[in-house]
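A.B. asks: Predicted coordinates and the sequence they were generated for:
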Amino acid sequence: MAQNITRVILILVFVLAAVFAAAQVQAAQAPASASPAPETSDWFHNPEPWLEMGADFRFREHYGYNWTALNRDKIDNPTLNNEDNQFHFERYRTRWWTKSKCDENNWFNTRMTWEFRTWDNPESKPQETDFDEIIIDNLNYTSKSLLGCATTIIGRQDIFLGSGWLVADGTPLDGSRTFYYDALRLTWDLGEKTKLDTIYIHNEPESEYWLKPINDRDKYVTQQQEEGAIAYLTDKSTPTNVEAYFMYKNNNPVEPITGKAFNFPAGAVRLYSKNAEIYTFGGALSGPLCGNNWSYRVEGAVQFGHSASPNPFITSNENEEDLLAFGQKSYLEYAFKDECDNRLRLTYEYLTGDDPESDTVESFNPLWGQWPQWSELYQPYVTQLEDNLVSNLHRVAFGHKFKPNAQWEFLTDYHLLYADENTYRNDDRFSNSGNFRGHLLTAWARYTCSKQLKGNLIFEHLWPGGYYGSNNNDNALYFHFTVEYTF
């Protein structure tokens with residue numbers, strides 16, 4: 001009963017927010033009156049000359065089945081006979097940020113994030129609204145004058161490099177609640193369109209390690225303690241954009257966990273937490289091709305160092321072997337240049353997998369690229385069957401995108417997924433010789449009502465292939481609906 005009352009209250013709040021947003025949009029689109037209203041200060045966005053503020057609210061409805069096991073008969077607790085193959089929950093995320101200026105070249109940034117969820121399924125989750133914790137996910141000092149020729153950011157910050165293939169999300173275990181890194185970033189301007197980013201990262205798995213959340217819930221946001229360094233060169237001075245980078249990442253496994261993780265039970269975080277010392281060299285080329293209709297991007301990287309195997313039956317989490325891995329991601333797109341902005345694209349991604357019979361780890365590590373780059377279903381959920389990392393992959397995708405009007409955009413992709421190696425050939429959840437991961441269909445519909453109000457619909461369906469064992473070969477479905485308002 002209490003769960004239903006809470007849900008009704010939340011839905012009413014959401015409806016009122018939507019009505020308010022619609023009224024704001026209608027007012028913004030109304031014709032100007034003959035006698036304009038007197039000017040007033042922006043009490044929220046710019047309450048003082050030295051202070052800027054902003055906020056947003058996101059509502060998201062999730063539904064699906066067979067996400068994490070590809071098994072429609074999955075039981076979480078045999079004693080209670082809890083079915084754990086269906087998922088249905090809502091997410092409510094509110095963020096508030098500030099920018100406090102010391103002068104034109106120096107300022108402080110803060111952002112607080114509060115996301116809570118209402119669970120209906122799976123049965124292993126308490127059927128209640130969990131109001132959770134409020135976390136400080138941005139707190140940094142930015143200076144354009146500290147070192148003269150470099151922009152310096154010190155503290156908790158968001159970092160997204162290139163296409164986000166290897167650097168995008170520093171806190172993957174809490175989904176899209178946060179993305180932050182605890183880091184020092186120096187951006188050097190080497191020319192009008194050339195820059196060099198040098199970054200030092202130190203991320204701890206516990207959300208409370210540096211800055212204790214309000215109503216702390218002992219959340220884990222990464223699989224392990226992570227330390228890293230990045231040098232990333234970007235040159236856009238020619239039609240061919242050039243990116244070159246070196247990345248170092250050192251992973252240290254966490255101790256036995258007594259706290260919680262958003263998408264995984266505590267024991268699973270320990271299972272996925274592994275020793276690794278990874279040196280990555282790579283680069284990318286992108287730009288127009290054969291006129292203005294064609295465009296492309298090609299990115300590749302090679303990895304050296306040491307790492308525990310992704311399969312715990314080969315090496316323990318702490319034991320390491322030599323690492324030698326390769327990854328590449330490329331796409332080719334054709335734009336029709338018509339009224340609906342129709343575009344066709346072809347994508348190929350290859351990430352080496354680990355051969356269980358070799359003395360070397362060949363599994364490519366996505367570093368800080370653990371976010372849904374091409375699938376909200378497969379990347380964060382189905383990969384829990386393996387190492388919780390997208391690796392050991394051949395992916396061929398055929399896509400189409402178009403915009404029938406200024407508000408709507410539709411994207412559809414068909415993916416053929418293959419495994420590079422049978423790393424888990426002695427695990428009953430996988431076959432001993434199959435390499436076909438399956439067919440994946442992804443469909444997006446994005447709607448932009450105004451600069452402040454937007455939303456999307458996402459549908460995905462996976463038909464597993466012979467790579468998976470007979471008990472883990474059931475179809476999986478994912479759906480989510482999002483509305484986001486920026487104040």
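C.D. replies: On my side now, so go ahead. This is a predicted model, so every value here is computed, not measured.
A.B. asks: what sits up against stretch 233-249?
C.D. replies: The contact list for stretch 233-249, computed with Cβ atoms under 8 Å, 6 or more residues apart in numbering, reads 161-162, 166-167, 191-197, 226-232, 276-288, 299, 301, 365, 367-368. (C-beta placed from N, C-alpha, C; glycine too.)
A.B. asks: Narrow these to just the buried residues.
C.D. replies: 161-162, 166-167, 195-197, 226, 228, 230, 232, 276-278, 280, 282-284, 286, 299, 301, 365, 367-368 (16 or more other Cβ atoms under 10 Å).
A.B. asks: Okay, residue 374 and residue 396: tell me how far apart.
C.D. replies: According to Cβ to Cβ, to the nearest Å, residue 374 stands 11 Å off from residue 396.
A.B. asks: When these two are compared, which one has more neighbours?
C.D. replies: In terms of neighbours (other Cβ atoms under 10 Å), residue 374 is the more surrounded of residue 374 and residue 396; the figures are 17 against 14.
A.B. asks: Please look at the more buried one and residue 397 and confirm they touch.
C.D. replies: Yes - with contact defined as Cβ atoms under 8 Å, residue 374 counts as touching residue 397 (6.8 Å).
A.B. asks: what sits in contact with each of these two?
C.D. replies: Common contacts of residue 374 and residue 397, defined by Cβ under 8 Å, 6+ apart, comprise 347, 349, 413, 415.
A.B. asks: Looking at those, which is nearest residue 327?
C.D. replies: residue 349 (7.8 Å; Cβ to Cβ).
A.B. asks: for the most centrally placed residue in the chain, helix, strand, or coil?
C.D. replies: Closest residue to the average C-alpha location of the chain: residue 371 at 2.7 Å, with Cα atoms, centre = their mean. Using DSSP: H, G, I helix; E, B strand; the rest coil, the structure places residue 371 in coil.
A.B. asks: List the single closest residue to it in space, sequence neighbours excluded.
C.D. replies: Leaving aside its sequence neighbours, residue 371 sits nearest to residue 169 (Cβ to Cβ, 6 or more residues apart in numbering; 4.1 Å).
A.B. asks: And for residue 251?
C.D. replies: Once flanking residues are discounted, residue 251 sits nearest to residue 276: 4.2 Å by Cβ to Cβ, 6+ apart.
A.B. asks: distance of that neighbour from residue 385?
C.D. replies: According to Cβ to Cβ, residue 276 stands 20 Å off from residue 385.
A.B. asks: returning to what we had before: from residue 312, how far off is the residue nearest to residue 371?
C.D. replies: Noted for residue 169: a distance of 24 Å to residue 312, by Cβ to Cβ.
A.B. asks: between those two, who's got more neighbours?
C.D. replies: In terms of neighbours (other Cβ under 10 Å), residue 169 is the more surrounded of residue 169 and residue 312; the figures are 26 against 14.
A.B. asks: and the spatially closest residue to residue 66 that is not a sequence neighbour, bridged to which residues?
C.D. replies: Nearest non-adjacent residue to residue 66, counting by Cβ to Cβ, 6+ apart: residue 476, 4.1 Å away. Using DSSP bridges, the bridge partners assigned to residue 476 are residue 462.
A.B. asks: same thing with residue 344?
C.D. replies: Counting by DSSP bridges, the residues bridging with residue 344 are residue 334, residue 400.
A.B. asks: contacting residues for it?
C.D. replies: 333-334, 336, 398-400 are the contacts of residue 344 under Cβ under 8 Å, 6+ apart.
A.B. asks: quick revisit: which members of the buried ones among the contacts of stretch 233-249 occur in strands, if any?
C.D. replies: 195-197, 226, 228, 230, 232, 276-278, 280, 282-284, 286, 299, 301 (DSSP state E).
A.B. asks: how many other residues sit next to the closest residue in space to residue 423 that isn't next to it in sequence?
C.D. replies: Take residue 423 and drop its neighbours on the chain: the residue closest to it by Cβ to Cβ, 6+ apart is residue 354, 4.8 Å away. By the criterion of other Cβ under 10 Å, residue 354 has 27 neighbours.
A.B. asks: Please report how far residue 401 lies from residue 220.
C.D. replies: Distance, residue 401 to residue 220, by Cβ to Cβ: 36 Å.
A.B. asks: Oh, that last question was meant for residue 53, not what I typed.
C.D. replies: For residue 53, the distance to residue 220 equals 30 Å [Cβ to Cβ].
A.B. asks: same question, residue 157
C.D. replies: Residue 157 is 20 Å from residue 220, by Cβ to Cβ.
A.B. asks: repeat for residue 340
C.D. replies: Distance of residue 340 to residue 220, computed by Cβ to Cβ: 44 Å.
A.B. asks: likewise residue 352?
C.D. replies: To residue 220, residue 352 is 28 Å away according to Cβ to Cβ.
A.B. asks: between these two, which one's more packed in?
C.D. replies: residue 220 (25 against 22).
A.B. asks: Show the pLDDT at residue 29.
C.D. replies: At residue 29, the model reports a pLDDT of 43.
A.B. asks: Then residue 42?
C.D. replies: 82.
A.B. asks: Assign it to helix, strand or coil.
C.D. replies: From three-state DSSP, the assignment for residue 42 is coil.
A.B. asks: burial count for it?
C.D. replies: 9.
A.B. asks: show me the residues around it that make contact.
C.D. replies: By Cβ under 8 Å, 6+ apart, no residues touch residue 42.
A.B. asks: State the distance from it to residue 48.
C.D. replies: Residue 42 is 11 Å from residue 48, by Cβ to Cβ.
A.B. asks: I figured residue 221 was touching residue 208, is that so?
C.D. replies: No - at 10.0 Å, residue 221 and residue 208 do not qualify as touching, with contact defined as Cβ under 8 Å.
A.B. asks: Could you pull up the contacting residues of residue 275?
C.D. replies: Residue 275 neighbours (Cβ under 8 Å, 6+ apart): 251-253, 306-308, 317-320.
A.B. asks: repeat for residue 61
C.D. replies: Contact analysis of residue 61 by Cβ under 8 Å, 6+ apart lists 90, 480-482.
A.B. asks: could you measure the nearest residue to residue 385 once chain neighbours are set aside against residue 100, distance?
C.D. replies: If you skip the residues right next to it in sequence, residue 385 has residue 429 as its closest partner in space, 5.9 Å away by Cβ to Cβ, 6+ apart. Using Cβ to Cβ, residue 429 is found at 51 Å from residue 100.
A.B. asks: before we move on, back to that, test my guess that the residue nearest to residue 371 contacts residue 369.
C.D. replies: Yes - shown here, residue 169 and residue 369 form a contact pair, counting by Cβ under 8 Å, at 7.4 Å.
A.B. asks: okay, and for this structure, where does confidence drop off?
C.D. replies: Residues of the chain that meet the criterion pLDDT under 70 lie in 1-41, 75-83, 256-271, 315, 317.
A.B. asks: Which parts of it are helices?
C.D. replies: Applying DSSP state H to the chain gives helices spanning 2-29, 266-272.
A.B. asks: re the thing from before, who has more neighbours out of residue 221 and residue 208?
C.D. replies: A direct count of neighbours by other Cβ under 10 Å for residue 221 and residue 208 places residue 221 higher, at 26 against 17.
A.B. asks: If we ignore the residues flanking it in sequence, what's nearest the more buried one?
C.D. replies: Distance criterion Cβ to Cβ, 6+ apart; nearest residue to residue 221, sequence neighbours excluded, is residue 171 at 3.8 Å.
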